[in-house]
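In: sequence and predicted structure below; questions after.
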Amino acid sequence: MGFEEMWAALLPIGRDPATGGYHRFAWTPPELQCRAWFLDEARRRDLDVEHDANGNMFAWWLPGDGSRDDAVLTGSHLDSVPGGGAFDGPLGVVSAFAAIDCLRERGAGLRRPIGVAVFAEEEGARFGIACLGSRLLTGAIAPARARALTDGDGHTFAEVLHNAGLDPDAIGPDEDLLGRIGCFVELHVEQGRALREPVGVASSIIPHGRWRFDFRGEGDHAGTTALPDRRDPMLPFAGMVLAAREAAERNGAVATVGKVRVVPGGVNAIPSSVTAWLDARAPEDEAVRRTVAEVDEAARVAARPHRVSVDLAEESYTEVVDFHRALRDRIAATLGGPPVLPTGAGHDAGVLSARVPAAMLFVRNPTGVSHAPAESAEPADRLAGVEALTAVLDDLACG
C-alpha cells in the first residue's frame with residue numbers, strides 16, 4: 001500500500017464532518033482506531049511489533065541476523081489536539097512506513113534495525129502533559145505523578161491504562177528499550193510558514209511550558225447579587241488573559257490561554273471557580289520565566305479587589321533543546337543542504353534527545369496553520385518528505 005492509500009485510510013478517523021478538525025484523544029475510540037491501523041500496516045510488512053508499558057508502540061524491521069541493537073528509530077504520534085489538523089503526527093508515521101517500502105523496493109541491505117514508533121499522548125489533550133509516552137519512557141516524568149493525572153471526565157491515567165489492558169504499576173523508564181535505540185529521526189509537518197523548500201531540518205526547540213491558574217471566588221445568583229457583594233473569579237481571570245498578551249509582547253515571547261474551565265458553568269450563575277491554562281514560549285528561558293511571573297503578579301493584583309484567591313501550578317516545562325549536532329549535520333549533508341531552522345513546537349524528538357541522539361525533518365506547510373483544520377502539506381511535498389526520510393534511513397541504517 002503506497003503513501004496516498006495509507007493516508008486515505010487514516011484521513012476519516014476522528015474527523016468532525018462539520019469543521020474538518022480532528023478529535024483523536026489518547027485511548028478514545030478514534031485514537032484506538034488509529035492504533036489498529038498502525039498494527040495492520042506493520043503486520044502487512046511483516047514488521048516485529050512491540051508495545052512498551054507506557055502505551056507506546058514500535059514496529060521493527062530487523063536485519064538478517066535479527067539484531068535489535070543500535071536501531072534507527074523514526075515515526076511520530078497519532079493523537080491530536082481538540083479540532084486539530086490531519087498532518088500533525090500522522091504524517092511522520094505514514095511517511096515512515098512509505099520510506100521502508102521504498103528501501104525494500106530498492107533492495108537496500110539493512111545493517112541496523114529500523115523502527116517506526118507511535119508515542120502515546122503526545123499532544124497532552126487528554127491528560128494535560130504533552131509527550132507523556134516519551135516522557136515516561138525516558139524518565140522525564142515520575143510514574144506516580146503520571147498515574148494520578150486525570151482527564152476532563154475525572155478518569156485517571158492509571159484507570160485508562162488498566163482499561164486498555166496495561167499495568168499502571170509497570171509504567172516508567174525502559175532502559176532496555178532506550179539502550180537499543182541508536183538515534184531517533186522524526187518527520188513532522190512544519191508548524192509555521194518559514195520553509196521555502198519542501199523539506200527542512202530542525203536545529204532546536206525553544207523553551208516552552210504549561211501553567212495552570214486556579215481562581216476561587218464564591219458562586220451566587222446572577223440576578224440577585226449586587227456587584228459590590230460579588231466574589232467573581234471571572235474578572236481576575238479576564239485580567240490574567242490580557243496580562244498574558246502584554247507580558248509576552250514586553251518579553252519577546254508568545255503566550256496563549258486556550259483552555260478554561262468554569263464552575264458551575266451556568267449562564268445565570270456567578271462562577272465559584274475558574275481554572276485556566278497558560279502556554280508560554282520564547283527563544284530564551286529567562287523570557288519565558290519572566291512572562292509567567294508577570295502574568296502571575298497581574299492575576300493576583302486583579303483578584304484582590306474581588307476577594308478572589310489565585311493559585312499557580314507549573315504542569316510541564318521544557319528548556320531549550322538543541323538537536324544532536326553531528327546527526328543534524330549528517331542528515332543535512334545527506335539531503336544536499338536543506339534549510340535548518342528552529343521550532344516553537346514541542347515534540348517527542350525533543351524529549352528523547354535527552355537520552356539518545358535525535359533530529360527532525362520538517363515538511364513544508366503552505367498555510368502556516370497548525371493545530372487547526374487548515375493545517376496542510378501539498379501532495380508533492382509529502383512525497384518529497386518520504387524521499388528525504390528514505391535517504392536519511394538509507395544512510396543511517398543501510399549505508
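Out: Sure thing, it's come through.

In: these two touch, right, S309 and F215?
Out: Yes. At 7.4 Å, S309 and F215 qualify as touching, with contact defined as C-beta atoms under 8 Å. Where C-beta positions appear, they are placed from N, C-alpha and C, glycine not excepted.

In: could you tell me which residues touch both of the two?
Out: Listed as contacting both S309 and F215 by C-beta atoms under 8 Å, 6 or more residues apart in numbering are A303.

In: who has more neighbours out of those two?
Out: Between S309 and F215, counted using other C-beta atoms under 10 Å, the more crowded position is F215 (28 against 15).

In: assign the more buried one to helix, strand or coil.
Out: strand (DSSP: H, G, I helix; E, B strand; the rest coil).

In: and it, bridged to which residues?
Out: F215 has these beta-bridge partners by DSSP bridges: V274, V310.

In: that one contacts T275, correct?
Out: Yes. If you go by C-beta under 8 Å, F215 and T275 touch, sitting 7.5 Å apart.

In: show the pLDDT at S316.
Out: As predicted, S316 sits at a pLDDT of 92.

In: tell me who's in contact with H51.
Out: Contacts of H51 by C-beta under 8 Å, 6+ apart are 57-58.

In: need the contact partners of whichever helix or strand S134 is part of.
Out: Applying DSSP states H and E as the criterion places S134 in helix 132-138. For helix 132-138, contacts defined as C-beta under 8 Å, 6+ apart pick out 26, 52, 54-56, 77, 119-122, 124, 129, 140-141, 143, 146, 149, 157, 171-174, 177-178, 348, 351-352, 354-355.

In: average pLDDT for that helix?
Out: In the prediction, helix 132-138 has an average pLDDT of 98.

In: the contacts of helix 132-138, buried ones only, as a ChimeraX selection?
Out: Selection of buried members from the contacts of helix 132-138 for ChimeraX, criterion 16 or more other C-beta atoms under 10 Å:
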select :26,52,54,55,56,77,119,120,121,122,124,129,140,141,143,146,149,157,171,172,173,174,177,348,351,352,355
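
In: please, which helix or strand holds V257?
Out: strand 254-263.

In: that strand: partners in the sheet, and parallel or antiparallel?
Out: strand 273-281 (antiparallel).

In: after the partner strand, next one along is what?
Out: Immediately after strand 273-281, counting by DSSP H and E, sits helix 285-303.

In: need the CA coordinates for the strand holding V257. CSV is fine.
Out: Only the C-alpha atoms of strand 254-263 are listed here, as CSV (Å, rounded to 0.1, in the frame of the first residue of the first chain):
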residue,chain,number,x,y,z
VAL,A,254,4.3,34.1,22.9
ALA,A,255,1.6,33.4,25.5
THR,A,256,-1.7,31.7,24.9
VAL,A,257,-4.7,31.0,27.1
GLY,A,258,-6.5,28.3,25.1
LYS,A,259,-8.3,26.3,27.7
VAL,A,260,-10.6,27.4,30.5
ARG,A,261,-12.9,25.6,32.9
VAL,A,262,-15.7,27.5,34.6
VAL,A,263,-17.6,26.0,37.6
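
In: next one: that strand to chain centre, how far?
Out: 18 Å (C-alpha atoms, centre = their mean, to the nearest Å).

In: how about residues contacting the helix or strand that that strand is followed by?
Out: Next along the chain after strand 254-263, taking DSSP H and E as the criterion, comes strand 269-270. The contact list for strand 269-270, computed with C-beta under 8 Å, 6+ apart, reads 217-222, 225, 230-232, 234.

In: direction included, what does strand 269-270 pair against?
Out: In the sheet, strand 269-270 lines up with strand 220-221 (antiparallel) (DSSP bridges).

In: what's in contact with the strand it pairs with?
Out: Contacts of strand 220-221 (C-beta under 8 Å, 6+ apart): 229-231, 268-270.

In: these two touch, right, D296 and L312?
Out: Yes. Taking C-beta under 8 Å as the definition, D296 is a contact partner of L312 at 5.1 Å.

In: overlap in contacts of the two?
Out: The contact sets of D296 and L312 overlap at F213 (C-beta under 8 Å, 6+ apart).

In: between these two, which is the more surrounded one?
Out: D296 (19 against 16).

In: for the more buried one, what are its contacts?
Out: D296 neighbours (C-beta under 8 Å, 6+ apart): 213, 310, 312.

In: could you rerun that using 7 Å?
Out: If you count contacts by C-beta atoms under 7 Å, 6 or more residues apart in numbering, D296 has them with L312.

In: quick check: it vs V254, distance?
Out: 17 Å (C-beta to C-beta, to the nearest Å).
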